[in-house]
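Q: What follows is a predicted structure for the sequence shown.
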Amino acid sequence: MSRSSSITNAFFNAIVPVVYPSTEEVREALAVLEMTPEDVRCSYCGDPATEWDHLRPIIRNRRPTGFASELANLVPACGKCNQSKGSREWETWITSSAKLSPASREVADIDLRIERLRKYEARWKARRYDFEKLAGAALWEQHRRNLEELLAEMRRCQAHALEVREAIKRGATVA
Ligand SMILES: [Zn+2]
């Protein structure tokens, strides 16, 4: 189950547009979050940042949400927050008791961080794309079919592997 879910996620991750920002845009984005390129912090908890996190998840419940990998939807984060947040909405997650969330780690000035993130959202306004419409029905349908076929093939291989294992077990009992 978890393997089919990560394959599904990979299939949709692969079609989400990636827009690379200019250095100037990154500088401006960091300024809204009250940071400088020399000292980039996690937007949620203030620890040193190790990655960029999608403020709005790009995949949820095995479906693309329509948000893209673009600066408007990316903020610096630490691994702890990124993993803890998962595909949740940042605003409910940040004050939730989820494992490793800023609130459960008793991070100081969460209200201030929420305020900055709201400012960030207002400044950049992440666009929500209709991927299916933009791709066109034919391309989109083929992508969906590819996924269905791959998942069906995986199930067939798993069932076969089980048969092989049972045969080996029977053989070993006889021997
Ligand atoms: Zn963090």
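A: Sure thing, it's come through. Numbering: from 1, shown residues only.
Q: buried sites along the longest helix along the chain?
A: Looking across the chain with DSSP state H, the single longest helix is helix 137-174. Going by neighbour count (16 or more other CB atoms under 10 Å), the buried part of helix 137-174 is 143, 147. Any C-beta I mention is one placed from the backbone N, CA and C, and that applies to glycine too.
Q: elements contacting that helix?
A: If you count contacts as 3 or more CB pairs under 8 Å, 6 or more residues apart in numbering; DSSP states H and E, helix 137-174 packs onto helix 2-13, helix 131-135.
Q: For Cys157, find the nearest of those helices.
A: Distance to Cys157, taken as CB to CB, is lowest for helix 2-13 among the helices and strands packed on helix 137-174, at 11.1 Å.
Q: any idea how far the closest one is from the chain center?
A: In terms of CA atoms, centre = their mean, to the nearest Å, the centre of helix 2-13 is found 11 Å from the chain centre.
Q: got the buried residues for the helix-or-strand element of the chain with minimal mean pLDDT?
A: Every helix and strand of the chain was ranked by mean pLDDT, DSSP states H and E. The lowest is helix 2-13, at a mean of 89. Neighbour-count burial for helix 2-13 flags 8-9, 11-12 (criterion: 16+ other CB under 10 Å).
Q: and Trp52, that's in a strand?
A: Yes: assessed by DSSP: H, G, I helix; E, B strand; the rest coil, Trp52 belongs to a strand.
Q: how about the residue nearest to it when sequence neighbours are not counted, phi and psi?
A: In space, and not counting its chain neighbours, Trp52 is closest to Leu74: 4.4 Å by CB to CB, 6 or more residues apart in numbering. Dihedral angles of Leu74 (phi, psi; degrees, to the nearest 10) stand at phi -130, psi 130.
Q: same question, the one 5 residues further on
A: In terms of degrees, to the nearest 10, the main-chain angles of Gly79 are phi -60, psi -40.
Q: nearest residue to it other than its sequence neighbours?
A: Thr50 (5.3 Å).
Q: ditto for Leu100
A: Closest residue to Leu100 apart from its sequence neighbours, by CB to CB, 6+ apart: Ser84 at 3.8 Å.
Q: Now do the one you found against Arg60, distance only.
A: 16 Å (CB to CB, to the nearest Å).
Q: what about the chain, any weak spots by pLDDT?
A: Along the chain, the model assigns pLDDT under 70 to residues 1, 175.
Q: okay, stretch 119-132 in PDB with CA atoms only?
A: Extracted as PDB, the C-alpha positions of stretch 119-132 are listed here (Å, rounded to 0.1, in the frame of the first residue of the first chain):
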ATOM      1  CA  LYS A 119       2.300  38.500   4.700                       C
ATOM      2  CA  TYR A 120       4.200  36.200   2.400                       C
ATOM      3  CA  GLU A 121       1.000  34.600   1.100                       C
ATOM      4  CA  ALA A 122      -0.500  38.000   0.500                       C
ATOM      5  CA  ARG A 123       2.600  39.300  -1.300                       C
ATOM      6  CA  TRP A 124       3.100  36.400  -3.700                       C
ATOM      7  CA  LYS A 125      -0.400  34.800  -4.100                       C
ATOM      8  CA  ALA A 126       0.400  31.200  -5.100                       C
ATOM      9  CA  ARG A 127      -1.500  30.300  -8.200                       C
ATOM     10  CA  ARG A 128      -3.700  27.200  -8.400                       C
ATOM     11  CA  TYR A 129      -3.400  25.600 -11.800                       C
ATOM     12  CA  ASP A 130      -5.900  23.300 -13.500                       C
ATOM     13  CA  PHE A 131      -3.300  20.800 -14.600                       C
ATOM     14  CA  GLU A 132      -5.800  18.600 -16.400                       C
END
